[in-house]
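Trainee: how would this look folded up:
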Amino acid sequence: MAGTGAEDVREAVVRAAIPLLGEFDTLTTARIAGAARVDEAELLAVFADKEAVLRACVTAVTARVAAAMDVDGAVRELESVSVAQPLVARLVEVLGILDDYYRRVRADLGAFEREVITGTVEVPDGSLPSRQDLRVISDLVEVRQAVTRLLEPEAARLRLPAEALAEAFLSLSRVGSRTPAEDREPVPAAQVVDLFLHGALAQSGGDGVHSG
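Mentor: Numbers count the residues shown, from 1 in each chain. This is a model prediction of the structure:
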């Protein structure tokens, strides 16, 4: 790969090394260079050793996953849900936004997996993304705050503080969305909201449950 610039070598090496990470203990710089179709000397002119290659791969994967899991758009949508509509409609809209988010994440991560297999991963410039919070969206403070805002108009009717109920709703919301790690059909949003607002028991009267 004579005449190739350092940045091109870096990208080629990282792109070729990502699929080989499972073999890292036995991996050599010569093997990585061969997979990247560069001379080992070219690789070592850019990376000090295979550990440096590993760090670059981790940065690339982290950046790609962080981009796939970016919540900014979903948070803006949650913050724009109107409190003028009935509570049920507000909460159903929240579940729709979360489900759309998870669908996008699944699609993006699926595309990333295909890029790894085909050796076409886009390699970032080497810096980590500014946002590296890879928790699920329902665990994020800004999401809980957005749902709290939607519950607060009903404060007089709520049995617990709006923030506590927002956290409970977001925990329950996971059954209404298929997260990237799950392969099941979600419970319809209207049923999730009904369960949250009215509980698990049918309204038959004699359920044998006592508060005292």
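
Trainee: in the lowest-mean-pLDDT helix or strand in the chain, what counts as buried?
Mentor: In the chain, the helix or strand scored least confidently by mean pLDDT, DSSP states H and E is helix 50-68, which has a mean of 91. Of all the residues in helix 50-68, those buried under the rule 16 or more other CB atoms under 10 Å are 50, 53-54, 56-57, 59-61, 63-66, 68. For glycine as for every other residue, the C-beta is placed from the backbone atoms N, C-alpha and C.

Trainee: walk me through the domains of this protein.
Mentor: Following automatic domain parsing, the chain resolves into domains at 1-68, 70-197.

Trainee: endpoint to endpoint, stretch 150-168 covers what distance?
Mentor: Using CA to CA, to the nearest Å, the end-to-end distance of stretch 150-168 comes out at 14 Å.

Trainee: tell me the buried residues in it?
Mentor: Those would be Leu150, Leu151, Ala162, Leu165, Ala166, Glu167, for stretch 150-168 by 16+ other CB under 10 Å.

Trainee: mean confidence for it?
Mentor: Throughout stretch 150-168, pLDDT has a mean value of 96.

Trainee: so what touches it?
Mentor: Contacts with stretch 150-168, where a contact means CB atoms under 8 Å, 6 or more residues apart in numbering, come from Val81, Val83, Leu87, Arg90, Leu91, Val94, Arg144, Gln145, Val147, Thr148, Phe169, Phe196.

Trainee: which residues touch the residue nearest the centre of the chain?
Mentor: Centroid-nearest residue in the chain: Met69, 3.3 Å away (criterion: CA atoms, centre = their mean). By CB under 8 Å, 6+ apart, the residues touching Met69 are Val105, Leu134, Ile137.

Trainee: from those residues, pick the one nearest Val123.
Mentor: In terms of CB to CB, no member of the contacts of Met69 lies closer to Val123 than Leu134, at 19.1 Å.

Trainee: any idea how far that closest one lies from Val9?
Mentor: 29 Å (CB to CB, to the nearest Å).

Trainee: these two - which one has more neighbours?
Mentor: Val9 (20 against 10; other CB atoms under 10 Å).

Trainee: and the angle for the host helix or strand of the more buried one with helix 50-68?
Mentor: Using DSSP states H and E, Val9 sits in helix 6-17. Between helix 6-17 and helix 50-68, the angle comes out at 80 degrees (axes from the mean of the first three to the mean of the last three CA atoms, to 10 degrees).

Trainee: just the CA atoms of whichever helix or strand comes after helix 6-17, as CSV, please.
Mentor: Note on helix 6-17: by DSSP H and E, the next helix or strand toward the C-terminus is helix 29-36. Extracted in CSV, the C-alpha atoms of helix 29-36 (Å, rounded to 0.1, in the frame of the first residue of the first chain):
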residue,chain,number,x,y,z
THR,A,29,0.4,-6.7,14.1
ALA,A,30,1.5,-8.7,11.1
ARG,A,31,-1.9,-10.4,10.9
ILE,A,32,-3.7,-7.1,11.3
ALA,A,33,-1.6,-5.5,8.6
GLY,A,34,-2.3,-8.4,6.3
ALA,A,35,-6.1,-8.1,6.9
ALA,A,36,-5.8,-4.3,6.2
